[in-house]
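*Asks:* Build the 3D model from these lines:
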Amino acid sequence: MGKQKKARKYATMKRMLSLRDQRLKEKDRLKPKKKEKKDPSALKEREVPQHPSCLFFQYNTQLGPPYHILVDTNFINFSIKAKLDLVQSMMDCLYAKCIPCITDCVMAEIEKLGQKYRVALRIAKDPRFERLPCTHKGTYADDCLVQRVTRHKCYIVATVDRDLKQRIRKIPGVPIMYISNHRYNIERMPDDYGAPRF
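*Replies:* Down below sits the predicted model:
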């Protein structure tokens, strides 16, 4: 019988000593971390989000004509289905000049929908729409809109999405525009917003 060949093991590494190993000298050894005991008498610091100065109770002083309206993807699609002109219908709803704003995330979402929604893409690229650049990572439009509205309370959010509406209702002072009975309606908007101030 011949000698059996031993298969070589590839990519095997030499075993390394742990830095806490007893065989290492005391000075080379890694010292165990000591847990710091919390002082019970010390004052606990809590970070409280600063309340926006633009809000007077539920009344948002930053809102006023011309209204800046953040448009969601499905709002454009449902407007096309209902055969509504976006800018004109917004003006009919608010009785004031409206500037529809579209974020990069919403634009990317419409582009991802493909050839079927090319009309929505053409409407979104309208020069009357103000384009808002996004600095965050990812292209999830709902998070983008909620984040922007929380930071700057000068927008009205136009959406038909039920989940997004629920999230925005939790933010005080942000009205929601939606579609019902083939026309635009506004939710949480006091009557005296558009009234002239003397």
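
*Asks:* What segments of the chain are helices?
*Replies:* 73-81, 86-94, 104-113, 118-124, 141-151, 162-169 (DSSP state H).

*Asks:* quick one: contacts of the fourth one?
*Replies:* For helix 118-124, the external contacting residues (Cβ atoms under 8 Å, 6 or more residues apart in numbering) are 71, 73, 76-77, 79-80, 86, 102, 106-107, 110-111, 113. Any C-beta I mention is one placed from the backbone N, CA and C, and that applies to glycine too.

*Asks:* filter these to the buried ones?
*Replies:* Buried subset of these (neighbour count, 16 or more other Cβ atoms under 10 Å): 71, 73, 76, 77, 79, 86, 102, 106, 107, 110.

*Asks:* for the last one, what are its contacts?
*Replies:* Spelled out, that is residue 110. Per Cβ under 8 Å, 6+ apart, neighbours of residue 110: 73, 76, 117, 120, 121, 124.

*Asks:* Check the second one and give its pLDDT.
*Replies:* As summarised for this prediction, residue 76 has a pLDDT of 95.

*Asks:* Let me know whether it touches residue 85 as I believe.
*Replies:* No: Residue 76 lies out of contact with residue 85 (Cβ atoms under 8 Å); the separation is 11.6 Å.

*Asks:* Between those two, which contacts overlap?
*Replies:* With Cβ under 8 Å, 6+ apart as the test, residue 76 and residue 85 reach no residue in common.

*Asks:* Can you tell me which of the contacts of residue 110 comes closest to residue 148?
*Replies:* residue 73 (14.8 Å; Cβ to Cβ).

*Asks:* you'd agree that closest one is up against residue 108?
*Replies:* No: the criterion here is Cβ under 8 Å, and residue 73 misses it with residue 108 at 9.6 Å.
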